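K.L.:
Fold the stuff below for me.
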Amino acid sequence: MRQLKRHGCSPQCRPPLVRSHAWKLLLDRQWQRLHYLTYAAGILAIIHFVWRVKIDVSQPVLYGTVLAALLLLRVGFWLRKRAK
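P.N.:
Numbering: from 1, shown residues only. The predicted model follows:
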């Protein structure tokens, strides 16, 4: 009962989208493909945003820069993990 008050609800009442470990088990090998598709979706979203705005592209460029920094950080972690 204390857990319900502290976190709002028990882990069992959370929607499945929140529990990524359950999705990993459910999707098995397809999980990695889905994970990589989210990177492509982010890049395509920035391109779409630039096309949509047309005049003042400062905001899409800012979001693109943040996305590029996060993706470069992810590549750095991936290369470090691969080197081990």
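K.L.:
For the rest of this, base every contact and every neighbour count on C-alpha atoms.
P.N.:
Noted.
K.L.:
which residues sit in contact with Phe49?
P.N.:
Pro60 (C-alpha atoms under 8 Å, 6 or more residues apart in numbering).
K.L.:
Please identify the helix or strand for it.
P.N.:
For Phe49, the host element (DSSP states H and E) is helix 30-53.
K.L.:
Who are the packing partners of whichever helix or strand comes after that helix?
P.N.:
Next helix or strand after helix 30-53 toward the C-terminus (DSSP H and E): helix 58-83. Packing partners of helix 58-83 (3 or more C-alpha pairs under 8 Å, 6 or more residues apart in numbering; DSSP states H and E): helix 30-53.
K.L.:
Pull out the buried positions in the helix it packs on.
P.N.:
Neighbour counts using 16 or more other C-alpha atoms under 10 Å place 42-43, 46, 49-50 of helix 30-53 among the buried residues.
K.L.:
hang on, the earlier thing: any idea of the angle the helix holding Phe49 forms with helix 58-83?
P.N.:
Orientation check (axes from the mean of the first three to the mean of the last three C-alpha atoms, to 10 degrees): helix 30-53 against helix 58-83 gives 160 degrees.
K.L.:
quick one: average confidence on helix 30-53?
P.N.:
Throughout helix 30-53, pLDDT has a mean value of 90.
K.L.:
before we move on, the earlier item: format the buried residues of helix 30-53 as CSV; extra columns: distance to Leu73.
P.N.:
Converted to CSV, the buried residues of helix 30-53 look like this (distance: C-alpha to C-alpha, whole Å):
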residue, distance to Leu73
Gly42, 15
Ile43, 15
Ile46, 18
Phe49, 23
Val50, 23
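K.L.:
Taking the residues you listed, tell me the two that lie furthest apart.
P.N.:
Greatest spatial distance among the buried residues of helix 30-53 (C-alpha to C-alpha): Gly42 and Val50, at 12.6 Å.
K.L.:
Next one: Ser20, what pLDDT does it get?
P.N.:
72.
K.L.:
if I look at it, how far off is Ala41?
P.N.:
Taking C-alpha to C-alpha, to the nearest Å as the measure, Ser20 falls 18 Å from Ala41.
K.L.:
Which of the buried residues of helix 30-53 sits closest to Ala68?
P.N.:
Nearest to Ala68 among those, with distances taken as C-alpha to C-alpha, is Ile43, at 8.6 Å.
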